[in-house]
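>>> Sequence and predicted model, in that order:
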Amino acid sequence: MMRSFFNAVTGLNAYRTWMDITSDNLANVNTIGFKGSRPIFQDVVSSVTIGLNTVTNTMKSTTYGAGVLVDSSQKLWTIGNFKQTGVNTDLAIQGKGLFIVKDPISNIYYYTRDGQFRLSRDGYMVNSAGFKLQGFKVDEKGNIIGSGLEDIHVVQQLPPKATGTINFLQPSNLNADAGIPAVAFDPTNPASYNYKYTITIYDSLGTPYQADIFFRRVTTNTWEIHLRSDIDPATPGYELSGDWTVSFDPSGKLVYDSTTVLRESTPDGKDFLYYLNPATLTVPTTTPSGGTFPTSTSWRIYVGKTPQSGAPGVGGSISNSYITQYSADFVITADQNGYTKGDLVDVYVLSEDGAVVGVYSNGKSLPLYRVAIAVFSDPEELIKKGANLYASILTPTIMVAGSSEKVRSGMLEMSNVDIASEFINLISAQRAYQANARTITATNTILEDTINLVR
């Protein structure tokens, strides 16, 4: 008889715990990135009596239960709904990964689904506690250059950069119907070339200069490209100059010759880039402003690109040329990699790949980092630390955003707590608690009746 007392007490304790968990879920229904929990109930066995019926040769048993207990609470890692905030630094993860943040005092890493980040006074992306968001450093083309996790730091002032690369882009076409000039090339004589394109370049101090690119047809499929920039008007001639000859095949594609047009691999090794031989480029040692340009061997004037599979050998055409020769008007599209000093105007994060981009007053928008994502094979390994943070004694898989784990910018993940379900749980826990309390009352009445038998 006394067993029912203690069984009911375990029920009271278990369902009180369920109500505690449910109330915690409801309290965090508006907590960003919160993951609800549920209790794991287990029955408790006091004793089992097993017997054998020798007539029927069957087993029979009598089990005496000792109530119920809450073995643990399990976090529910379903993804909550996303809400748009319009804040560039608000982030959400489409997947089961977590952001990585670092305590700047203890240098301990924590993990979170809460993507409420902001830019600190020092330019770091931090959460409300000042923990720094972690990522991988990238170059201007978005290629990862860092060796590991770094604090995402957006520089407030972008120093000037000297031009070292001119890129011809698509569409760029030299008119196959153009005539061959009858006079030798002279940059001051328009009759000596077929087309001129002007681009602005910068020295190391950010001083702008005008550079002219001349295109002159010399044979049916051969063109001369001349680069001239009068950096110092007080000095006769051109302080920045270069001369190249490029050829096209009858189909209008640029031809690779390994002498004037050189080839190099892209950083990811998937493509080949073709550029003009910088040995013919004359670069001034200093500029009138006191700045410099990269040396001629560091310059690149890219004129073509082709996939690595099927890349042409010497004399082969570049299938995906930046410059073509078709019977159409002259069209030149080019850019360069130099710029003047810029102050930070804005910062935003690209959706999908999580690239952190700084926008500067000089018109440059540069990718600086890519957000790092931590993925745990078993999220139950994570230990709640409060403030929407988790810790783990195990090392997660760390990846950049954009593959299976995508970042959504300007959005936040809401709590995954469903109010209707939690109210049902609350009512169920309440009724179960009342039933166990009633068991204690009934057992007490029976005991009282038993005692009254001797009166």
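Arrived safely.

>>> Arg113 reaches Lys35, doesn't it?
Yes. Contact between Arg113 and Lys35 holds when scored by C-beta atoms under 8 Å: they sit 7.1 Å apart. To be clear about C-beta, it is placed using only N, CA and C from the backbone, and glycine gets the same treatment.

>>> buried ones in the host helix or strand of Gly11?
For Gly11, the host element (DSSP states H and E) is helix 2-27. Residues of helix 2-27 classed as buried: 4, 7-8, 10-15, 17-19, 21-22, 25-26 (neighbour count, 16 or more other C-beta atoms under 10 Å).

>>> Identify the residue with the minimum pLDDT among those residues.
Scanning the buried residues of helix 2-27 for pLDDT, the low point is Ser4. It has 81.

>>> Contacts only, for that one.
Contacts of Ser4 were listed using C-beta atoms under 8 Å, 6 or more residues apart in numbering, and they are 439, 443.

>>> what sits against the residue nearest in space to the middle of the chain?
Centroid-nearest residue in the chain: Gly354, 2.4 Å away (criterion: C-alpha atoms, centre = their mean). If a contact means C-beta under 8 Å, 6+ apart, then Gly354 has 91, 135, 370-371, 373, 400-402, 406-407, 409 as its contacts.

>>> Now the terminal residues of stretch 96-105, how far apart.
With C-alpha to C-alpha, to the nearest Å as the measure, stretch 96-105 spans 28 Å from end to end.

>>> now stretch 83-103
Taking C-alpha to C-alpha, the first and last residues of stretch 83-103 lie 27 Å apart.

>>> pLDDT value on the residue nearest to the centre of the chain, please?
Reported pLDDT for Gly354: 93.

>>> before we move on, the earlier item: what's the lowest-pLDDT member of the contacts of Gly354?
Least confident by pLDDT among these: that is Gly402, with 85.

>>> Quick one: list the elements packing against the biggest helix by length in the chain.
For the chain, the longest helix by residue count, based on DSSP state H, is helix 419-451. For helix 419-451, the packing partners by 3 or more C-beta pairs under 8 Å, 6 or more residues apart in numbering; DSSP states H and E come out as helix 2-27.

>>> next structured bit after the helix it packs on?
On the C-terminal side of helix 2-27, the closest following helix or strand by DSSP H and E is strand 37-53.

>>> Need the contact partners of stretch 235-243.
Residues outside stretch 235-243 that contact it (C-beta under 8 Å, 6+ apart): 187, 201, 209, 211, 224-232, 276, 278, 280-284, 287, 293, 301.

>>> if you skip the residues just before and after it, what's nearest to Leu158?
Leaving aside its sequence neighbours, Leu158 sits nearest to Gly342 (C-beta to C-beta, 6 or more residues apart in numbering; 4.1 Å).

>>> Quick check, the one you found in contact with Ser361.
Yes. Counting by C-beta under 8 Å, Gly342 does reach Ser361; the two are 4.8 Å apart.

>>> Neighbour count for the two, which is higher?
Taking other C-beta atoms under 10 Å, Gly342 and Ser361 do not tie; Gly342 has more neighbours (22 against 13).

>>> check contacts around that one.
Gly342 neighbours (C-beta under 8 Å, 6+ apart): 157-158, 360-364.

>>> let's see 7 Å
158, 360-362, 364 (C-beta atoms under 7 Å, 6 or more residues apart in numbering).

>>> Output these in TSV; the columns should cover secondary structure, distance to Gly310 and pLDDT.
Rendered in TSV, the data for those read as follows (DSSP: H, G, I helix; E, B strand; the rest coil; distance: C-beta to C-beta, whole Å; pLDDT from 0 to 100):
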residue	secondary structure	distance to Gly310	pLDDT
Leu158	strand	39	94
Tyr360	strand	39	96
Ser361	coil	44	96
Asn362	coil	39	94
Lys364	coil	35	92
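
>>> Now the buried members of the residues you listed.
Among those, those buried by neighbour count (16+ other C-beta under 10 Å) are 158, 360, 362, 364.

>>> At which residues are the strands of the stretch 201-350 of the chain located?
If DSSP state E, counting those that start in this stretch is used as the criterion, the strands of the stretch 201-350 of the chain fall at 208-219, 222-229, 240-247, 261-265, 271-276, 300-307, 320-321, 324-326, 331-336, 342-349.

>>> Among these, which comes closest to Ser106?
strand 342-349 (26.2 Å; C-beta to C-beta).

>>> In the closest one, which of the residues would be classed as buried?
342, 344, 347-349.

>>> partner strands of that strand, parallel or antiparallel?
If you go by DSSP bridges, strand 342-349 pairs up with strand 157-158 (antiparallel), strand 355-360 (antiparallel).

>>> Need the pLDDT of Gly33.
For Gly33, the predicted pLDDT is 96.

>>> Any idea how many residues pack against it?
22.

>>> That one is in contact with Thr112, isn't it?
Yes. Using C-beta atoms under 7 Å, Gly33 makes contact with Thr112 at a distance of 6.4 Å.

>>> Check the contact lists of these two and give me the overlap.
With C-beta under 7 Å, 6+ apart, Gly33 and Thr112 have common neighbours Asn388.

>>> where in the stretch 101-250 of the chain is pLDDT low?
For the stretch 101-250 of the chain, applying pLDDT under 70 flags no range at all.

>>> Pull out the buried positions in stretch 132-151.
Using 16+ other C-beta under 10 Å as the test for burial, stretch 132-151 gives 132-138, 149, 151.

>>> Show me the domain layout of this structure.
Domain ranges of the chain: 1-77+416-454, 81-159+342-414, 165-336, per the TED database.

>>> Can you measure across the last one, start residue to end residue?
In this case it means domain 165-336. Termini of domain 165-336 sit 5 Å apart (C-alpha to C-alpha).

>>> With that, I have no additional questions.
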